[in-house]
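>>> take this sequence and fold it.
(one chain, ligands or ions: 2)
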Amino acid sequence: MLTVENLSFAYGAVGILHGIDMRMETARVTCLVGRNGVGKTTLLKNIMGLLRPTTGVVHIDEQDISSLSANKRAVAGLGFVPQGRQIFSKLTVEENLRVGLQARNDHQKTIPDEVYDLFPVLKEMGRRRGGDLSGGQQQQLAIGRALVGNPSVLVLDEPTEGIQPNIIQQIGHVLRDLVESREMTVVLVEQYLDFVRDFGHDFYIMDRGKVVESGETRQLSEDLVQAHLSV
Ligand SMILES: Nc1ncnc2c1ncn2[C@@H]1O[C@H](COP(=O)(O)OP(=O)(O)OP(=O)(O)O)[C@@H](O)[C@H]1O
Ligand SMILES: [Mg+2]
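Ligands and ions are numbered 1, 2, ... in the order given. Now for the predicted structure:
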């Protein structure tokens, strides 16, 4: 479980996040939605330790991780798939996956087979350079790299952005499998509401740096979408 309490953040004098409270449950997929620029990525970066909040605390289960560096948070169990994937284009697929080993707390030196079981294309393409993969394959690589770190909480920023429908479905099934068979906590920012409804359990809606609505995804009504998400 991942919890955020009273988290606020400013870029210089400009307040971006205002007293965010969220609880993202174990073995569930929680979706964070909201219009462009409301602060979704900024919130994820605060959770990951890539930005420092002005107030607030973040817990994984009972552990307060608020004072840990991004690297230590990764070892504590946080995995991150950033917006735009950010794989290393000059490194091979296998080398990209090896980067994920640094986040493990058990000193394992080999890429776990289950990553290849979830995304067989990563085995087939192991020697190719990351930059030569298609967008969908790069997204699978970014998720695979996070999973190599054996996270208990997996955080993804717009995993379906710019990806064709069959890969979107595959990613959705992988995330459901991770929560069902490994009791992972999955948190994702998503614009594509069909994906939220098909694969998400819970949702939070953000507007201008605040949480304005939350619930189970089956309660995500047209009225809520009209009020907070349509442009
Ligand atoms: N480095 C920065 N310096 C100053 N302001 C920034 C910086 N990065 C983002 N912002 C501003 O912070 C606000 C929130 O941005 P953020 O990227 O968190 O939004 P988002 O909800 O993820 O949007 P999108 O859906 O477009 O990805 C925006 O107004 C943005 O312009
Ligand atoms: Mg964003």
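>>> for this protein, what lies in contact range of ligand 1?
11, 16, 34, 36-42, 83 (C-beta under 6 Å from any ligand atom). Quick note: C-beta positions are derived from backbone N, CA and C, even for glycine.
>>> which of the residues you listed sits closest to ligand 2?
Thr41 (3.2 Å; C-beta to the ion).
>>> if I read this right, that closest one contacts Asp157, doesn't it?
Yes: the pair Thr41 / Asp157 is scored as a contact, 5.7 Å apart, by C-beta atoms under 8 Å.
>>> shared neighbours of those two, anything?
Between them, Thr41 and Asp157 share these contacting residues under C-beta atoms under 8 Å, 6 or more residues apart in numbering: 83, 189.
>>> in CSV: the residues of the chain next to ligand 1, plus pLDDT.
Shown next, in CSV, are the residues of the chain next to ligand 1 (pLDDT from 0 to 100):
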residue, pLDDT
Tyr11, 96
Ile16, 98
Gly34, 96
Asn36, 95
Gly37, 96
Val38, 97
Gly39, 98
Lys40, 97
Thr41, 97
Thr42, 98
Gln83, 92
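>>> tell me the buried residues in the longest helix that the chain contains?
For the chain, the helix reaching the highest residue count under DSSP state H is reported as helix 165-182. For helix 165-182, the buried set under the neighbour-count rule, 16 or more other C-beta atoms under 10 Å, comprises 167-168, 170-172, 174-176, 178-179.
>>> and stretch 122-138, by the same measure?
Buried, per 16+ other C-beta under 10 Å, within stretch 122-138: 122, 125, 129-130, 133, 136-138.
>>> looking at these, which two lie furthest apart in space?
Farthest apart among the buried residues of stretch 122-138 by C-beta to C-beta are Arg129 and Gly136. That separation is 16.3 Å.
>>> would you mind measuring from the nearest residue to Asp177 once chain neighbours are set aside to Gln138?
For Asp177, ignoring the flanking residues on the chain, the nearest one in space by C-beta to C-beta, 6 or more residues apart in numbering is Leu118 at 7.3 Å. Computed as C-beta to C-beta, to the nearest Å, the Leu118 to Gln138 distance reads 15 Å.
>>> kindly report the same for Leu224.
From Leu224 to Gln138 the distance is 32 Å (C-beta to C-beta).
>>> and Val14, by the same measure?
Taking C-beta to C-beta, one finds Val14 at 32 Å from Gln138.
>>> so which of the buried residues of helix 165-182 is the closest to Gly56?
Among the buried residues of helix 165-182, and counting by C-beta to C-beta, the member closest to Gly56 is Val179, at 25.4 Å.
>>> can you pull the contacts of the closest one?
Here Val179 is in contact with 27-29, 185-186, 201 (C-beta under 8 Å, 6+ apart).
>>> let's see which of the buried residues of stretch 122-138 end up in helices.
122, 136-138.
>>> returning to that earlier point: Thr41 and Asp157: which is more packed in?
Asp157 (24 against 18; other C-beta atoms under 10 Å).
>>> quick check: closest non-adjacent residue to the more buried one.
Closest to Asp157 by C-beta to C-beta, 6+ apart is Gln83, at 3.8 Å.
>>> is the one you found located within a helix, as I assumed?
No: Gln83 sits outside any helix when classified using DSSP: H, G, I helix; E, B strand; the rest coil, being coil.
>>> show me what whichever helix or strand Gly144 is part of is packed against.
Assigned by DSSP states H and E, Gly144 belongs to helix 135-148. Other elements packing on helix 135-148 under the criterion 3 or more C-beta pairs under 8 Å, 6 or more residues apart in numbering; DSSP states H and E are strand 78-81, helix 93-99, helix 113-118, helix 120-124, strand 153-157, helix 165-182.
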